[in-house]
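**Q** Here is my input; please provide its structure:
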Amino acid sequence: MVSRTLVVLQFAAIAVVLLPIGAPGWIWIGGAVSVTGVAWVAWTVGFNRWDNFNIRPEPRAGARLVTDGPYRWVRHPMYLGSLIIGAGACLAGPQPWRLAAWLLLAFVLVAKARREERGLLAQFPGYAEYRRGRAFLIPGIW
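**A** Purely as a prediction, here's the structure:
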């Protein structure tokens, strides 16, 4: 139940963050930030195929542990990419409700990542070692 709730909250927040811009803010800068996030997500997908992903924060049965590509620097690159895309939308159309939805998205993605990590530790014996050398969500920071 918690996993499904987190997924619903995630997609609701994404929908609000990505609503049409309305009054543009830093449209070009925001667009560039969002495109960077899309490129990051595409790079992540190139290393972790769709059949290895799970929208719920539990690893799939038969999943493989990916440690290269963007996973060399951060343990949750898809979540990071989603936050970068949303940050770009917030820059392009800076409304308080959009920022609030982005903050909700960040909270939900951190909650999902923490839940997912419990499953990864249980499913992959090498995950604890991998985890020690990688940032949680923001390379070089956290």
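**Q** can we go C-alpha only for contacts and neighbour counts from here?
**A** Will do.
**Q** for the closest residue to L99 other than its chain neighbours, what are its contacts?
**A** Residue nearest to L99 in three dimensions, not counting chain neighbours: C90, with 6.0 Å by C-alpha to C-alpha, 6 or more residues apart in numbering. By C-alpha atoms under 8 Å, 6 or more residues apart in numbering, C90 lies in contact with V17, G30, R98, L99, W102.
**Q** what about the closest residue to F124 other than its chain neighbours, which SS state?
**A** Nearest in space to F124, with sequence neighbours left out and distances taken as C-alpha to C-alpha, 6+ apart, is L65 at 7.2 Å. The three-state label given to L65 by DSSP: H, G, I helix; E, B strand; the rest coil is coil.
**Q** Can you list phi and psi of L65 for me?
**A** Backbone geometry at L65, expressed as degrees, to the nearest 10, gives phi -80, psi 120.
**Q** Please identify which helix or strand holds G62.
**A** Under DSSP states H and E, no helix or strand contains G62.
**Q** ok, now how distant is it from Y127?
**A** Per C-alpha to C-alpha, to the nearest Å, G62 is found 15 Å from Y127.
**Q** quick revisit: I'd like the contacts of C90 as CSV, with distance to G119 appended.
**A** Listed next are those as CSV, based on distance: C-alpha to C-alpha, whole Å:
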residue, distance to G119
V17, 29
G30, 35
R98, 32
L99, 30
W102, 26
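**Q** Output the below-cut-off pLDDT ranges for this structure.
**A** Counting by pLDDT under 70, the chain shows low-confidence ranges at 19-25.
**Q** Let me see the ranges of the helices in it.
**A** 2-17, 27-47, 77-92, 96-123, 127-132 (DSSP state H).
**Q** before we move on, the earlier item: look at G62 and Y127 and report which has more neighbours.
**A** A count of neighbours by other C-alpha atoms under 10 Å puts Y127 above the other of G62 and Y127, at 19 against 9.
**Q** How about the more buried one, nearest residue that isn't a chain neighbour?
**A** Leaving aside its sequence neighbours, Y127 sits nearest to L121 (C-alpha to C-alpha, 6+ apart; 5.5 Å).
**Q** How many residues are close by W43?
**A** 16.
**Q** I'd say it and P70 touch.
**A** Yes - W43 lies in contact with P70 (C-alpha atoms under 8 Å); the separation is 7.3 Å.
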